[in-house]
Structures are given as structure tokens and as C-alpha cells.
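# Mind folding the following:
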Amino acid sequence: VVFLLFICWSDQALSYIFQDMPWPHSPLLLQLSLLMFTAALGMGWLVHHRHLREQQAEMADECSLANIFRAAPCGLGLVRDRIFIEVNTQLCQFTGYARDELIGQSSRLLYANDESFMRVGRELTAQCHQQGRFTVQSCWHRKDGTAIAVLLSCTPIDAGIVFTALDITAHKQTEQHLRD
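Reported below is the predicted structural model:
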């Protein structure tokens, strides 16, 4: 590219090379052609490297999110329109569902009834708009039908809503036992 730029601006060199050629092969026309070609190459290079940087950043974000999902000691997931997009192993373990059974399904699957599902949805919407995050205690049901108390915390991100779910069933049972 530097060589082509040097040739483009080296009028004497081109005049010497093309001194006996007719007008269509004039040095000025060749200079302009080489300049346009060099600019096109430069633009192509810039666009290509910008695209590569964007892909690398996207892959780094995905790897970071995957590592967070893997390392979290509590249930963690991503929902869009209350449909599971991603869940971690811990969430699957305490709900009894396999990852494939949750991905693509409505989060309604974990609630005992429509009323609690709708209540959590209303509260989530209100708190997220006011505070940018949402925390609530709720009751889910494992795959085998066993009720579990969960502490849900959610926050909206570009891809949907990321949530943590902590099984607080044992804590609730201990509280109840101490009250009795």
C-alpha cells in the first residue's frame, strides 16, 4: 500500500514510464486509478478488522457469561419474554429438570399456578422500571411436584432478563420450626 501511494504521488516516475503512451494511459489517469484502488483496499481492510473486533468482543461476552453461569453457586438463568434462554446446572439440580427441558419453555412451568406466575410478572415489571432490579420470594415446584421456596433476583440486560434463584426451603422450614 505504501509503495502504491508513493507511485501515485511520484508524478516524475509515472511521466518517465508512460512518456510515449497515448492519452488514455496518461500518468494522471493512472495516478487516480491507483489512488482509488488503494482507498478501496484501505476501506476493505478497515471494515474487515472492525467486523473481526466486533466478533471477538461478542465471543468474549459469551465466554464471560458462560463462565459466570458455570461458577455461580445458585440457580442462574436468562429469560426473554419469560421464556428460558439459558439456565445453569445448579438451577437444573434444585428444580429437577434437565437443561433441555427448560430451554425454550415458559417460566410458568416452575410456578404452582397462574396466579403466582402473574403476580411475580407484575411485581417484576413494576420494580424493574423503578429500581432497575427485582427481588421477591416465591414458591416454585420441582419436576416431581415438591414445593420449594425460592428467592428470585432479576435485572434486565440487552438479551432479556438475567435472574438468580436461591433455594431457601430449608431456611423457611427452620424459621417455621423456631416459631413453633
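# by contact count, what packs against the lengthiest strand in the chain?
Longest strand of the chain, by residue count under DSSP state E: strand 147-157. Applying 3 or more CB pairs under 8 Å, 6 or more residues apart in numbering; DSSP states H and E, we find strand 147-157 packed against helix 114-131, strand 134-141, strand 160-167, helix 169-179. The way it works is simple: take the backbone N, C-alpha and C, and place the C-beta from them, glycine included.
# Just say which of those is most tucked in.
Highest mean neighbour count of the helices and strands packed on strand 147-157: strand 160-167, a mean of 20 (counted as mean count of other CB atoms under 10 Å).
# Just put the helices and strands packed on strand 147-157 in a markdown table and tack on distance to Ile103 and mean pLDDT.
Converted to a markdown table, the helices and strands packed on strand 147-157 look like this (distance: least, CB to CB, whole Å; pLDDT from 0 to 100):
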| stretch | distance to Ile103 | mean pLDDT |
| --- | --- | --- |
| helix 114-131 | 18 | 86 |
| strand 134-141 | 17 | 90 |
| strand 160-167 | 13 | 89 |
| helix 169-179 | 24 | 85 |
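# would you turn the ones you listed into TSV with distance to Thr95?
Formatted as TSV, the helices and strands packed on strand 147-157 follow (distance: least, CB to CB, whole Å):
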stretch	distance to Thr95
helix 114-131	15
strand 134-141	7
strand 160-167	8
helix 169-179	12
